[in-house]
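Student: the sequence and its predicted three-dimensional model are supplied below.
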Amino acid sequence: MTSKAALLAVGLACVAVVPAAAQDLPARIKSAGKVIIANQPNYPPMEYKDPATNTLKGLDIDLGLALAKELGVAVEWSDIGFEQMISSLTTGRVDLIHSGMSDLPKRRETLDFVDYMKSGAQFYTSFERKDEFKVPADFCGKKVAMSRRTSFPDETAKWSKENCEAKGKPAIEVVGSEGSADARAQLKQGRVDGAVQGSETLPYLLNLEKDTYKVIGEPFTAVYQGMAFPKTEPALRDAYIGAMKKLMASGEYKKIFEAWGQGGAMLDGIMVNGEAVK
């Protein structure tokens, strides 16, 4: 067995024996009285800064604070670029990642995910072009923008191969953007024909900027978003599992999701690395 495979096997074994109640926090977390959480506030309604007060807002922020309250610790949010989040976690600069990160199999080689919501990639275009793009296949051969920092470019390219190229249509031209805001700007400027974003954010955008965007079709991927923990610290992961169970049982979890218009993205129970646990 390779060292990578051995590490993955150990991580999965740890997940299999998660207790029903939250375990004690690691001593260093208790001593510090806080958790340091990697978060980049540029993805409303999950995380963003209120332009009027510059304070952090969003579903991830509210959920992160509620979980920390259950655990009896404070939260120190660390604004870190998405590309640096995993290295910051594995080198100990932060304790966990809670920032709209998809729970992907390739990330589970070094991380454990406590999943907390459903998500999916979804096409959209400008409202003025709604008659031109009625179904996702209408984007075949067109320029479509999406954040290069996410899994969306690979997922869109895969969708294109199966739904455009395999049917004799030209491939979607994937345009990597600096982020979701940049993709929207390119769409408004007419530099691209469409864009891809997480299904959880689009209802918020449609409400925020009325008659500006049009969602096309249903999400073409199905993934979970999760809080990421290093495999070297299962106690912290398990403490968060226990806290999440309490929030689900009390109704606080549901309250937070519904407050941000994300009732349809809730999970029915605890998920770790994409698998249900008791």
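Tutor: Here it is on my side, so go on.
Student: got the domain boundaries for the protein?
Tutor: What automatic domain parsing lists as the domains of the chain is 3-119+224-276, 121-216.
Student: what's the spacing between the last one and its chain's center?
Tutor: The gap between where domain 121-216 is centred and where its chain is centred comes out at 18 Å by Cα atoms, centre = their mean, to the nearest Å.
Student: that one spans what distance, first to last residue?
Tutor: Its start and end residues considered, domain 121-216 measures 11 Å (Cα to Cα, to the nearest Å).
Student: and it, average pLDDT?
Tutor: Averaged over domain 121-216, pLDDT sits at 94.
Student: which SSE is the residue most central in space within the chain in?
Tutor: The centroid of the chain falls nearest to Gly100 when counting by Cα atoms, centre = their mean (2.6 Å). Following DSSP states H and E, there is no helix or strand that holds Gly100.
Student: burial count for the nearest residue to Gly179 once chain neighbours are set aside?
Tutor: Leaving out its chain neighbours, the residue that sits closest to Gly179 by Cβ to Cβ, 6 or more residues apart in numbering is Ser147, at 5.0 Å. Where C-beta positions appear, they are placed from N, C-alpha and C, glycine not excepted. Per other Cβ atoms under 10 Å, the neighbour tally for Ser147 reads 23.
Student: so what's Ser147 bridging to?
Tutor: Per DSSP bridges, the residues bridged to Ser147 are Ser177.
Student: ok, now Trp77?
Tutor: Taking DSSP bridges as the rule, Trp77 bridges to Ile37.
Student: my read: it touches Ile37, true?
Tutor: Yes - with contact defined as Cβ atoms under 8 Å, Trp77 counts as touching Ile37 (5.7 Å).
Student: list residues touching both of these two?
Tutor: Residues touching both Trp77 and Ile37 (Cβ atoms under 8 Å, 6 or more residues apart in numbering): Gly64.
Student: okay, those two: which has more neighbours?
Tutor: Neighbour count, other Cβ under 10 Å: between Trp77 and Ile37, Ile37 has more, with 24 against 21.
Student: that one and Gly64 touch, don't they?
Tutor: Yes - using Cβ under 8 Å, Ile37 is in contact with Gly64, at 5.9 Å.
Student: okay, and the common contacts of these two?
Tutor: Common neighbours of Ile37 and Gly64, counting by Cβ under 8 Å, 6+ apart, are 75, 77, 98.
Student: what's in contact with the helix or strand harbouring the first one?
Tutor: Okay, so that is Val75. Using DSSP H and E, the element containing Val75 is strand 74-78. Residues from elsewhere that reach strand 74-78 (Cβ under 8 Å, 6+ apart): 33-39, 41, 56, 61, 64-65, 68, 88, 93-94.
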